[in-house]
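Chemist: Just to be clear, the model below is a prediction. Sequence and coordinates:
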Amino acid sequence: MLMLKLAYRNIIGAGMRTWLNVAALSFAFVTIIFLKGVYNGMNDQVERATIDALYGGGQYWHERYDPYDPQSTVDAHGNIPEVLRPLIKQKGAVPILIRQGTIYPGGRFRNILLKGIDPQQKILAIPVSALAERNRTIPAMIGTRMAKHTGLHINDLITVQWRTSHGTFDAREVMIVNIFKTTVQEIDNDQIWIPIDIMQTITELPDQATMIIMNKENITIPTVPGWNFRDLNFLLQDLHSLVEMKSMGGSIFYTILLLLAMLAIFDTQVLSIWHRRKEMGTLMALGMTRTQLIGLFTLEGSFHGILAALVGALYGIPLLSYVARNGWGLPQSTDDFGFAFGDRIFPSYSLGLIVGTTILVLVITTIVSFLPTKKIASLKPTDALKGKMT
Amino acid sequence: MEISNSMLIRTERLDKIYPLGPATIKALDNVSLSVAKGEFLGLVGPSGSGKTTLLNIIGSLDSPSSGSALVLGNRIELLSHKESSRLRNDHIGFIFQTFNLLPVYTVYENVEFPLLLLGTPSAQRTKMVMQALEWVGLAGRAKSKPSQLSGGQSQRVAIARAIVKKPEIVLADEPTANLDAANSHNIMKTMVDLNKELKTTFIFATHDEKVISYLDRKVTLFDGQIEKDELREPAR
């Protein structure tokens, strides 16, 4: 209790020196929590968007389907399983048929994936209702990235070539009826979406699909011969690895930030000991033991951490809450990162993040305060009184 | 000097040797000295004569290289760091040449500090601090910071801090070295009064004639040895 009282007196009495340290440390606090919050928010946001637009509640893959092998799509199709038909009829699942194709925008050859989907589906957050229009040629839609890369616009006609189930080439003109904007590149890049019934007809694959995407609310997952169910844990593993890899960069940044803040505390403590060595000698002469001295100076350092947490809370809570509510605008270039960021990131701060960061900073502050203070333990009172350090 | 069992301090054949590069320097050489309760004693001599070293050993801030120093029944050379801290905390007050006040504390807090270490209850602490400040005539400056005090006032705060716990021994190392003549006399008079009133033993390390004039025993050191030990009639 005495040491607490003395440490409090010392750091409050130190005035500006204390508050400069506290300001630097509180900035580190708030920035670390902000950065971690951004990565958490980014992770949540990317995952949510990917589930909504791509994975749904999990997917049945035809047993020959391999998303990493475009050639596999030639054979990766089969009759829609009987057991899933009622669910598809009730809009609890949606079949997708995928074929490899070729287009020639501007006379240049470009491989694409032709994807057939039910224009009435509501499971995936893709604006496919435009495909329901049937009064012209085959309606098709593409994403903004695909449009940019191919120079296609709405109402443009483009010839799509593919292999039929018999292995012969066939081609049709499709009309771009919608260009949709999405944060999920996996439904955009080099893909053309058309109605599944038309696709089944022109590819001579009636009633067939490559995958069947389940509604998120589906809890019954029947075993279907010839089809493999892929749950969200499986589907999201690449994404999680990618986010983890990206967040490593952020971790390095905030580790550097934390180390800089700790260096400031360490430096302050070393300087403090240097400037206060005569004071330490006086404290020893007055009867303070080495243990008490170490305790006092370590506590002073720890108090910086506690004050920084309080000061950080004063401006950090309103600031971070504001950013969490309004999001953090991202430049257009982040669209090329390979993540479904969206235009804004909404940081997500969990209680664990805040408590964990606070404890981490307090522990490190205490350690870097203790280390230089250990020097005092070997100090002779007479040397300290003379201002010597050895 | 006759040595009796009532002596507060007794040193016998005390040596203190410091390393100085490859060589050594003998700061104290076979010093035997006894000090009784209530003495107003000065260790006098030129710089390097060993005054401060002897004072530091008596104050358990340092230990002898050989010989023995018995202070209030404690063998200084045998004390652990914790035990010597306790001896200083319980029984010894220090007054330094440069005052050594704690800069971020007020006058009151500086004087209160030794009592905090002793665990004196709050109400009693307040009473003792104010009494000590009244002894040195600074009760009105209790809330001032050391930076707001003159040299003489600062040294009086240091005296108050040294005597607030009513120690058996007060050790003062060149207490008037940074003070002008008028302040030096004031300070010395204050300590003489406290010596009479509290029966506190004062030991000074000094070569200031103004201090020497107040001493009732003068121990002259030269090259680490006691050259002369004389009782005297102080000019008070």
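Modeler: Looks like it came in fine.
Chemist: Mind giving me the packing neighbours of the helix or strand in which residue B:13 is found?
Modeler: Using DSSP states H and E, residue B:13 sits in strand B:7-20. Taking 3 or more CB pairs under 8 Å, 6 or more residues apart in numbering or on different chains; DSSP states H and E as the contact definition, the neighbouring helices and strands of strand B:7-20 are strand B:23-36, helix B:51-58, strand B:66-71, strand B:201-206. No exception for glycine: its C-beta is placed from N, CA and C like everyone else's.
Chemist: Need these in a markdown table (columns: mean neighbour count).
Modeler: What follows is those, written out as a markdown table (neighbours: other CB atoms under 10 Å in any protein chain shown):
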| stretch | mean neighbour count |
| --- | --- |
| strand B:23-36 | 18 |
| helix B:51-58 | 25 |
| strand B:66-71 | 19 |
| strand B:201-206 | 25 |
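Chemist: Quick one: classify the one residue in the stretch 51-200 of chain A that gets nearest to chain B as helix, strand or coil.
Modeler: With CB to the nearest CB as the measure, the residue in the stretch 51-200 of chain A that lies nearest chain B is residue A:183; the distance is 55.6 Å. Secondary structure for residue A:183, judged by DSSP: H, G, I helix; E, B strand; the rest coil, is coil.
Chemist: Check the burial of residue 177 by counting its neighbours.
Modeler: This is for chain A. Around residue A:177 there are 20 other residues, counting by other CB atoms under 10 Å in any protein chain shown.
Chemist: if you could check chain B rather than the one you did, that'd help
Modeler: As a burial measure, residue B:177 scores 15 neighbours (other CB under 10 Å).
Chemist: Now do stretch B:161-171: everything it contacts.
Modeler: Contacts to stretch B:161-171, defined as CB atoms under 8 Å, 6 or more residues apart in numbering or on different chains, come from residues A:286, B:8-9, B:37, B:55, B:58-59, B:71-72, B:90-95, B:101, B:110-115, B:118, B:120, B:128-129, B:131-132, B:135, B:172, B:191, B:194, B:198, B:200-203, B:205.
Chemist: average pLDDT across it?
Modeler: If you average the pLDDT over stretch B:161-171, you get 93.
Chemist: Can you list the residue ranges for strands in the chain?
Modeler: Picked chain A for this. Using DSSP state E, the strands of chain A run over A:59-62, A:78-79, A:93-103, A:110-117, A:138-143, A:157-163, A:169-180, A:191-195, A:208-209, A:211-214, A:227-230, A:328-329, A:344-345.
Chemist: sorry, should have said chain B
Modeler: Taking DSSP E to define them, one finds strands in chain B at B:7-20, B:23-36, B:40-44, B:66-71, B:74-75, B:92-95, B:169-173, B:201-206, B:217-222, B:225-231.
Chemist: Now do the helix or strand of chain B with the lowest mean pLDDT and strand B:40-44, the angle between them.
Modeler: Comparing every helix and strand of chain B by mean pLDDT, DSSP states H and E singles out helix B:181-198 as the least confident one, with a mean of 85. Going by axes from the mean of the first three to the mean of the last three CA atoms, to 10 degrees, helix B:181-198 is angled at 140 degrees with respect to strand B:40-44.
Chemist: From the chain's centroid, how far away is helix B:181-198?
Modeler: 13 Å (CA atoms, centre = their mean, to the nearest Å).
Chemist: Now do it and strand B:169-173, the angle between them.
Modeler: Between helix B:181-198 and strand B:169-173, the angle formed by their directions is 170 degrees, by the same axes, to 10 degrees.
Chemist: And helix B:181-198, what does it pack against?
Modeler: strand B:40-44, helix B:122-135, helix B:151-163, strand B:169-173, strand B:201-206, helix B:209-212.
Chemist: The fourth one pairs with which strands?
Modeler: Strands adjacent to strand B:169-173 in the sheet, as given by DSSP bridges, are strand B:92-95 (parallel), strand B:201-206 (parallel).
Chemist: Reformat those as JSON lines; add distance to residue A:23.
Modeler: As requested, those are arranged in JSON lines below (distance: least, CB to CB, whole Å):
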{"stretch": "strand B:92-95", "distance to residue A:23": "37"}
{"stretch": "strand B:201-206", "distance to residue A:23": "45"}
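Chemist: Let me have those strands in JSON lines, extended by mean pLDDT.
Modeler: Below are the strands paired with strand B:169-173 laid out as JSON lines (pLDDT from 0 to 100):
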{"stretch": "strand B:92-95", "mean pLDDT": "94"}
{"stretch": "strand B:201-206", "mean pLDDT": "94"}
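Chemist: List just the one of the strands of chain A that sits closest to residue B:82.
Modeler: Of all the strands of chain A, it is strand A:328-329 that lies closest to residue B:82, at 55.5 Å by CB to CB.
Chemist: follow-up on the earlier one: for residue A:3, find the nearest of the helices and strands packed on helix B:181-198.
Modeler: Smallest distance to residue A:3 across the helices and strands packed on helix B:181-198 (CB to CB): 16.7 Å, for helix B:122-135.
Chemist: buried stuff in that closest one?
Modeler: By neighbour count with 16 or more other CB atoms under 10 Å in any protein chain shown, helix B:122-135 contains the buried residues B:125, B:128, B:129, B:130, B:132, B:133, B:135.
Chemist: before we move on, the earlier item: in the strand holding residue B:13, which residues are buried?
Modeler: Using 16+ other CB under 10 Å as the burial criterion, the residues of strand B:7-20 that qualify are B:7, B:8, B:9, B:10, B:11, B:14, B:16.
Chemist: So for that strand, mean pLDDT?
Modeler: Here the average pLDDT along strand B:7-20 is 91.
Chemist: Okay, residue A:128 and residue A:388: tell me how far apart.
Modeler: 81 Å (CB to CB, to the nearest Å).
Chemist: for residue A:321, same thing?
Modeler: Relative to residue A:388, residue A:321 is positioned 51 Å away (criterion: CB to CB).
Chemist: The closest residue to residue A:98 other than its chain neighbours: neighbour count?
Modeler: Sequence neighbours aside, residue A:210 is the residue nearest to residue A:98 in space, at 4.2 Å (criterion: CB to CB, 6 or more residues apart in numbering or on different chains). For residue A:210, the tally of surrounding residues (other CB under 10 Å) stands at 26.
Chemist: so residue A:210 makes contact with residue A:72?
Modeler: No: here residue A:210 lies out of contact with residue A:72, judged by CB atoms under 8 Å, at a distance of 9.3 Å.
Chemist: Quick check: neighbours shared by the two?
Modeler: With CB under 8 Å, 6+ apart, residue A:210 and residue A:72 have common neighbours residue A:65.
Chemist: What score does residue B:3 have for pLDDT?
Modeler: Here the pLDDT value assigned to residue B:3 is 41.
Chemist: contacting residues for residue A:370?
Modeler: Residues touching residue A:370, when contacts are defined by CB under 8 Å, 6+ apart, comprise A:294, A:298, A:301.
Chemist: which residues touch the second one?
Modeler: The neighbourhood of residue A:298, defined by CB under 8 Å, 6+ apart, consists of A:366, A:369, A:370, A:373.
Chemist: Give the rounded mean pLDDT of the biggest helix by length in chain A.
Modeler: Secondary structure of chain A read by DSSP state H shows that its longest helix is helix A:237-275. Averaging the model's pLDDT scores along helix A:237-275 yields 75.
Chemist: Which other helices and strands does that helix contact?
Modeler: Under the contact definition 3+ CB pairs under 8 Å, 6+ apart, helix A:237-275 sits against helix A:16-50, helix A:290-326, helix A:351-377.
Chemist: go with 6 Å
Modeler: Contact partners of helix A:237-275 among helices and strands, from 3 or more CB pairs under 6 Å, 6 or more residues apart in numbering or on different chains; DSSP states H and E: helix A:16-50, helix A:351-377.
Chemist: Show me how far it is from its chain's centre.
Modeler: The chain centroid and the centroid of helix A:237-275 are separated by 19 Å under CA atoms, centre = their mean.
Chemist: what do you get for stretch A:111-130?
Modeler: The chain centroid and the centroid of stretch A:111-130 are separated by 26 Å under CA atoms, centre = their mean.
Chemist: What residues does chain B have near chain A?
Modeler: Taking CB under 6 Å from any CB of the partner chain as the criterion, the neighbours of chain A within chain B are B:56, B:61-62, B:81-82, B:85, B:88-89, B:94, B:100, B:104, B:114, B:116-117.
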